[in-house]
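Q: Sharing a model that was predicted from the sequence below.
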Number of protein chains: 2
Amino acid sequence: MTQSENRHALILQWLKEIKLYILEQKNSDLDVEQKTADNDLVTKMDRSIEEQLVEKIRRHFPEDKVVGEEGFGDGVSSMNGTIWFIDPIDGTLNFVKQQENYAVMIAVYEEGVGQAAYVYDITRDKLYSATKGEGVSCNGQRLAEPANLSLREGLIAASSALMMREDKTIIREIGNTSMGVRMLGSAGLESVEVAKGSVVAYVASNLKPWDVAPGLVFMEELGMSAVTFTDEPIDLLINNDIVFSTKNAHKDIIKMLNA
Amino acid sequence: MTQSENRHALILQWLKEIKLYILEQKNSDLDVEQKTADNDLVTKMDRSIEEQLVEKIRRHFPEDKVVGEEGFGDGVSSMNGTIWFIDPIDGTLNFVKQQENYAVMIAVYEEGVGQAAYVYDITRDKLYSATKGEGVSCNGQRLAEPANLSLREGLIAASSALMMREDKTIIREIGNTSMGVRMLGSAGLESVEVAKGSVVAYVASNLKPWDVAPGLVFMEELGMSAVTFTDEPIDLLINNDIVFSTKNAHKDIIKMLNA
């Protein structure tokens, strides 16, 4: 087993354990408290999963750094070395309010290059994963590269916060140019929608590094586009406004965003 | 077996047949053509399912009338007698572009009163159904009545077309008052989200009778609210702007819509 095969096997094992933990705890009191905003809920489970994961990563990969939503990771100021991006529950609001439509996410980067990515839709038991050079799979079955459709030829996904902003009329123009807008409330699952070809683009603002790190690997593996609103590469050391899309929808959307 | 039990058993059988038909045909060419607008696609399957269903209804219930999306039904100008509302594939765009997130829908009204409703999420094999006085079930398991949350306390679902309209700023104000907006692109599945308590409201404009007929029965059975934007009862003989919601979210949303 190579080091990266070993790491892949460990991550699969950890994700299975997290799934069991979530399903076990699901009916217990989630002890929801409010973070910075009404729609930024955090649960005991969120923190507990991140703490468990960080502990495992440190034990098995003591040289690596971890960047996580709940603050158990490291302060990271460069992409040097091996960095793990983890989001214990992406779509926390869905988790709390819907008990579905959320994902556990992990991505591993070496010297700034995405090596592995995992988006695990727990309630539907669908694990979307990518290993550098080997494409994107769902439960081990490789996804086809989506057709290179234009913005007009497909649906798009978008973040609710961005679409609701009165000043961002261009986002709604982009929505109206597409065949329709879908909003799931999980950056991870919306990245998966682009990877599956269910939407031609996912447009969202102010995403955290752990929100975009796995999707970035998926886009790379599928020959799709992942850029900021100004058509720059996405920087995983800061928050980003992002467009994940087909190559053709990328051209359409970037032209509209920068007209 | 009473007449309504007999009808229920027949509908369950027909829905099973439709599911098999859809899954069989799925990989064949859908022969998508364009109806009145870019995002109003209709497929061979849509028409074929409606034609088959109407034929069965006429055979078993020759006195009844049928109102359907694809035009195989009757012209109906009153709610007298027994009327079937059918939508062979609700969420046609999702069906074509995503191969999921669509539903087969049937609702039966007698003298204007909803007696039975069915929303069948084919790909997830989840049949949401209601019979008057017996609540709403998913695959035969009865759903709990959702908590009576206010607009501020929950997520909402909305139609993409409505949310994208620049002139409808009030809809985005409603969205921003809630914890977040989700858009699935299927009136039937969004009605189900309200019935499950996954969102506190579903807000949509210009829905056809067959889009709202099943959800209306669900709301009735769960003691929830179903009104037009002007707080009038929904009229199944015309298109409606609708709010399906908890009682508390109903107050919040109607106040905002009519301020």
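A: Received, thanks.

Q: neighbouring contacts of stretch A:106-119?
A: By Cβ atoms under 8 Å, 6 or more residues apart in numbering or on different chains, the surrounding residues in contact with stretch A:106-119 are A:4, A:7-8, A:11, A:15, A:53, A:79-86, A:90, A:103-105, A:127-132, A:188-189, A:191-192, A:210, A:213-218, A:220, A:236. For every residue, glycine as well, the C-beta is placed using N, CA and C.

Q: make it 6 Å
A: The contact list for stretch A:106-119 (Cβ atoms under 6 Å, 6 or more residues apart in numbering or on different chains) reads A:11, A:79, A:82-86, A:103, A:105, A:128-132, A:188, A:192, A:213-214, A:216-217, A:220.

Q: Drop anything exposed from these.
A: Buried members of the contacts of stretch A:106-119, scored by 16 or more other Cβ atoms under 10 Å in any protein chain shown, are A:11, A:79, A:82-86, A:103, A:105, A:128-132, A:188, A:192, A:213-214, A:216-217, A:220.

Q: So A:E193 sits against A:L155, correct?
A: No - the pair A:E193 and A:L155 fails to qualify as a contact (Cβ atoms under 6 Å) at a distance of 8.5 Å.

Q: More neighbours: which of the two?
A: Neighbours per residue (other Cβ atoms under 10 Å in any protein chain shown) separate A:E193 from A:L155, with A:L155 holding more: 27 against 22.

Q: For the more buried one, give me the pLDDT.
A: pLDDT, A:L155: 97.

Q: Tell me, how many residues neighbour A:V203?
A: 26.

Q: got it, and A:A158?
A: By other Cβ under 10 Å, 28 other residues sit near A:A158.

Q: Look up the closest residue to it, ignoring the ones flanking it.
A: Using Cβ to Cβ, 6 or more residues apart in numbering or on different chains and skipping residues adjacent in sequence, the residue nearest A:A158 is A:V203, 4.9 Å away.

Q: Run through who's touching the helix or strand the one you found falls within.
A: The secondary structure element spanning A:V203 is strand A:201-207 (assigned by DSSP states H and E). Residues outside strand A:201-207 that contact it (Cβ under 6 Å, 6+ apart) are A:156-159, A:162, A:187, A:190, A:194, A:239-245, A:249, A:253.

Q: Need the buried ones from those selected in PyMOL.
A: In PyMOL syntax, the buried subset of those is picked out as below (16+ other Cβ under 10 Å):
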select buried, chain A and resi 156+157+158+159+162+187+190+194+240+241+242+243+244+245+249+253
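
Q: Out of the buried ones among the contacts of stretch A:106-119, name the ones that lie in strands.
A: Applying DSSP state E to the buried ones among the contacts of stretch A:106-119, the entries found in strands are A:82-86, A:103, A:105, A:128-131.

Q: Now for the residues you listed: which two are most distant?
A: A:T82 and A:A103 (22.4 Å; Cβ to Cβ).

Q: List the beta-bridge partners for the residue nearest to A:A158.
A: For A:V203, the beta-bridge partners under DSSP bridges are A:A158, A:V243.

Q: Just the pLDDT at it, thanks.
A: So A:V203 comes in at 98 (pLDDT).

Q: mind giving me a markdown table with the ones in strands among the buried ones among the contacts of stretch A:106-119 and columns for distance to chain B and pLDDT?
A: Shown next, in a markdown table, are those (distance: Cβ to the nearest Cβ, whole Å; pLDDT from 0 to 100):
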| residue | distance to chain B | pLDDT |
| --- | --- | --- |
| A:T82 | 34 | 97 |
| A:I83 | 29 | 98 |
| A:W84 | 28 | 98 |
| A:F85 | 23 | 98 |
| A:I86 | 23 | 97 |
| A:A103 | 15 | 98 |
| A:M105 | 19 | 98 |
| A:Y128 | 15 | 98 |
| A:S129 | 20 | 98 |
| A:A130 | 20 | 98 |
| A:T131 | 26 | 96 |
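
Q: circling back: what do A:E193 and A:L155 both touch?
A: Counting by Cβ under 6 Å, 6+ apart, the residues touching both A:E193 and A:L155 are A:V199.

Q: Report the separation between A:G68 and chain B.
A: In this view, A:G68 and chain B are 22 Å apart by Cβ to the nearest Cβ, to the nearest Å.

Q: Can you tell me the closest non-neighbouring residue to that residue?
A: A:I86 is the one closest to A:G68 (Cβ to Cβ, 6+ apart), at 4.5 Å.

Q: Pairing partners for that neighbour in the sheet, please.
A: A:G68, A:I106.

Q: and it, what does it touch?
A: So A:I86 contacts A:53, A:68, A:106 (Cβ under 6 Å, 6+ apart).

Q: How about A:T123?
A: A:E100.

Q: With A:L236 instead?
A: A:209, A:213.

Q: hmm, 7 Å instead?
A: Shown in contact with A:L236 (Cβ atoms under 7 Å, 6 or more residues apart in numbering or on different chains): A:79, A:85, A:109, A:209, A:213.
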